[in-house]
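K.L.:
My questions concern the predicted model and sequence given below.
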Amino acid sequence: MERSPIIAPSILASDFSRLAEEVHAIEGSADWVHVDVMDNHFVPNLTLGLPIVQSLRKATTIPFDVHLMITDPQRWAPGYAEAGAYNVTFHAEACDDPVALAKTLRAAGSKAGLAIDRDTPVEPYLELLPYVDTILIMTIKAGFGGQAFMPEMLGKVRDVRRRISVNELEVRVEVDGGIAADTIEQAAEAGADAFVAGTAVYGAADPAEAIRNLRALAAAKMGVA
Ligand code: DX5
Ligand code: ZN
């Protein structure tokens with residue numbers, strides 16, 4: 001099935017004192033807004049949590065792609081679905097029953113995503129693909145924006161894409177970390193169809209133009225241009 005690319009700017013690279021305006025700046029050009037929740041435990045960094053997501057949700061209609069880099073997602077993830085997130089992604093490394101949590105998230109009204117960090121092989125999780133809506137392959141080590149894209153992660157993207165094709169599954173393959181104009185094509189070629197971009201969007205003089213450019217580059221490689 002042909003799918004057009006999803007471009008999901010990460011507000012981690014935006015100005016946190018002007019969050020609503022920063023989200024408004026990508027309305028109409030972005031597909032999702034990517035919200036990085038970090039708990040200073042699963043990753044060393046600390047960002048934002050549920051109260052901010054609840055408030056920001058009211059300020060925009062753009063679908064929220066919540067990326068939980070937290071321990072104990074079973075406890076916290078459903079709250080983000082209840083807050084109206086479109087997709088809630090939790091980390092495989094932090095969850096001992098991903099299938100159960102995915103079910104809970106879907107019952108709470110969101111899509112369910114499974115994230116695979118840099119040092120985690122994807123092979124053991126391929127059999128879980130029928131139970132999730134999104135699989136997020138980190139193309140950096142989770143925790144900080146602005147890191148260099150790691151092309152060696154694309155083998156995981158290819159493995160996931162192959163399994164999705166063979167089993168004719170409806171799962172988005174998302175890449176996160178170092179996605180920019182000079183890296184998005186290789187990720188699209190490997191089989192990604194959803195692209196998180198923090199620095200490449202919010203570091204640009206014109207975020208909407210940066211999104212359009214990323215979309216065109218990805219779409220051309222996906223054969224949907
Ligand atoms: C890092 C976050 C990313 C981050 C990406 O752990 O998951 O979403 O915002 O930032 P860039 O696009 O700058 O690599
Ligand atoms: Zn992220």
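P.N.:
Yep, it's here. Numbering: from 1, shown residues only. Ligands and ions are numbered 1, 2, ... in the order given.

K.L.:
Would you map the strands across the chain?
P.N.:
Along the chain, the stretches classed as strands by DSSP state E are 6-9, 33-38, 64-69, 87-91, 111-116, 134-138, 172-176, 194-197.

K.L.:
Once you drop chain neighbours, what's closest to residue 208?
P.N.:
Distance criterion Cβ to Cβ, 6 or more residues apart in numbering; nearest residue to residue 208, sequence neighbours excluded, is residue 29 at 4.1 Å. Every residue, glycine included, has its C-beta placed from N, CA and C.

K.L.:
Ok, residue 54 next?
P.N.:
In space, residue 54 is closest to residue 83, 4.8 Å off (Cβ to Cβ, 6+ apart).

K.L.:
One more: residue 158?
P.N.:
Nearest non-adjacent residue to residue 158 (Cβ to Cβ, 6+ apart): residue 190, at 5.1 Å.

K.L.:
And the pLDDT for that neighbour?
P.N.:
In this prediction, residue 190 carries a pLDDT score of 98.

K.L.:
any idea how far residue 73 is from it?
P.N.:
In this view, residue 190 and residue 73 are 26 Å apart by Cβ to Cβ, to the nearest Å.

K.L.:
Counting neighbours, what do you get for the residue nearest to residue 158?
P.N.:
22 (other Cβ atoms under 10 Å).

K.L.:
Does it touch residue 152 like I think?
P.N.:
No: Residue 190 is beyond contact range of residue 152, at 11.2 Å (criterion: Cβ atoms under 8 Å).

K.L.:
wait, what's in contact with the residue nearest to residue 158?
P.N.:
For residue 190, the contact set (Cβ atoms under 8 Å, 6 or more residues apart in numbering) comprises 154, 157, 158, 161.
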